[in-house]
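Enquirer: got a sequence here, can you model it:
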Amino acid sequence: MKKVVAMVSALSISCILFGCDSTSKFPASKVTPDTLPAQVSMSDLTANQDVMIEYQKDDPEQIAMITGKFSDIQVQNEQDAACVIASMANVLGIKDVSQEILFVDRQDVKGQSLTAYTFRQFYENVPVMSEVLKVMVDQSGTPTILMNGYHAMDTFDVAPAVDRKAIKKLVKDKYKSSTDGEPEPGISFAFHGGQPVLVWYADIKDSVVRSVYVDAASGEILYANDPIED
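Expert: Predicted coordinates for the structure are as follows:
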């Protein structure tokens, strides 16, 4: 299969929307096959005795992981790994792989003969912080594990009511410090009962609290990362 890679910084698009002047803490790049692979259906997976499907505990219809011989695509690079995810788009509920799923990194799994290709979901160019997708392959390049952190979102407002300037002032007033770099927008499912929340993430200089997640609608601090809690 012939492939072409379109490398577009997610940070550059986000900066157009929100404004920024620093390196993203959630870097990712588009990896786009010019020919989409054949779709694997749920019936294909369930009929295959070499495949196991695990579902999310809080959502029995949402796939958490697929293991076994679920793909015939041989993976040698991130483009091939993106093809594996693209072939599972219908099963995972992904509407547009080329726009929503961006490549993060490739790492060998310590202590195992596996290589993990990590991807992050972006919704309207805003990163979903909570989870990632991983394609894990053996030494021959055969996919053996697909970890799914994708969340389907039909409608979600990514326009923050609280702007970046207000977040920097909040950090200054509450923690008597400044942000380390620019606050970044993101979507998290870790708060409010697993519902998507638009947040600002900010690292903090010279403070006991190292970083904060702030609700971009209300300005409420949802989580403050204190090293004592680690």
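
Enquirer: ok, and what's touching stretch 93-104?
Expert: Residues external to stretch 93-104 that are found in contact with it (C-beta atoms under 8 Å, 6 or more residues apart in numbering): 6, 10, 27-33, 36, 78, 81-82, 85-86, 88-89, 117-123, 132-133, 150, 152. In short, each C-beta sits where N, CA and C put it, glycine included.

Enquirer: next, the buried residues of it.
Expert: Ile94, Val97, Glu100, Ile101, Leu102, Phe103, Val104 (16 or more other C-beta atoms under 10 Å).

Enquirer: kindly report the same for stretch 175-184.
Expert: Buried, per 16+ other C-beta under 10 Å, within stretch 175-184: Tyr175, Thr179, Asp180, Glu182, Pro183, Glu184.

Enquirer: could you do stretch 180-196 as well?
Expert: Counting neighbours by 16+ other C-beta under 10 Å, one finds that the buried residues in stretch 180-196 are Asp180, Glu182, Pro183, Glu184, Pro185, Gly186, Ile187, Ser188, Phe189, Phe191, Pro196.

Enquirer: span of it from start to end?
Expert: 25 Å (C-alpha to C-alpha, to the nearest Å).

Enquirer: for Asp173, helix, strand, or coil?
Expert: At Asp173 the chain is in helix, as set by DSSP: H, G, I helix; E, B strand; the rest coil.

Enquirer: so Ala161, which state does it fall into?
Expert: coil.

Enquirer: pretty sure it sits against Ala216.
Expert: Yes. In this structure, Ala161 is within contact of Ala216 by C-beta atoms under 8 Å, at 6.6 Å.

Enquirer: distance of Thr179 from Gln139?
Expert: Separation of Thr179 from Gln139 (C-beta to C-beta, to the nearest Å): 43 Å.

Enquirer: on that earlier part again, please flag which of the contacts of stretch 93-104 sit within helices.
Expert: Of the contacts of stretch 93-104, the ones assigned to helices by DSSP state H are Ala10, Glu78, Ala81, Ala82, Ile85, Ala86, Ala89.

Enquirer: ok, the second one touching Tyr117?
Expert: What it means is Glu78. Yes. In this structure, Glu78 is within contact of Tyr117 by C-beta under 8 Å, at 5.7 Å.

Enquirer: give me the number of residues near the nearest residue to Arg210 once chain neighbours are set aside?
Expert: Distances taken as C-beta to C-beta, 6 or more residues apart in numbering place Asn225 nearest to Arg210, at 4.9 Å, with adjacent residues excluded. Residue neighbour count, defined by other C-beta atoms under 10 Å, stands at 14 for Asn225.

Enquirer: so Asn225 makes contact with Val208?
Expert: No. In this structure Asn225 lies outside contact range of Val208 using C-beta under 8 Å: 10.0 Å.

Enquirer: and the pLDDT for the nearest residue to Glu131 once chain neighbours are set aside?
Expert: Once flanking residues are discounted, Glu131 sits nearest to Gly149: 2.8 Å by C-beta to C-beta, 6+ apart. pLDDT, Gly149: 94.

Enquirer: ok, Gly149 - contacts?
Expert: By C-beta under 8 Å, 6+ apart, Gly149 lies in contact with Gln121, Val128, Ser130, Glu131, Val132, Leu133.

Enquirer: any idea how far Asp157 is from the residue most central in space within the chain?
Expert: With distances taken as C-alpha atoms, centre = their mean, Arg120 lies nearest the centre of the chain, 2.5 Å away. From Arg120 across to Asp157, the span is 20 Å (C-beta to C-beta).
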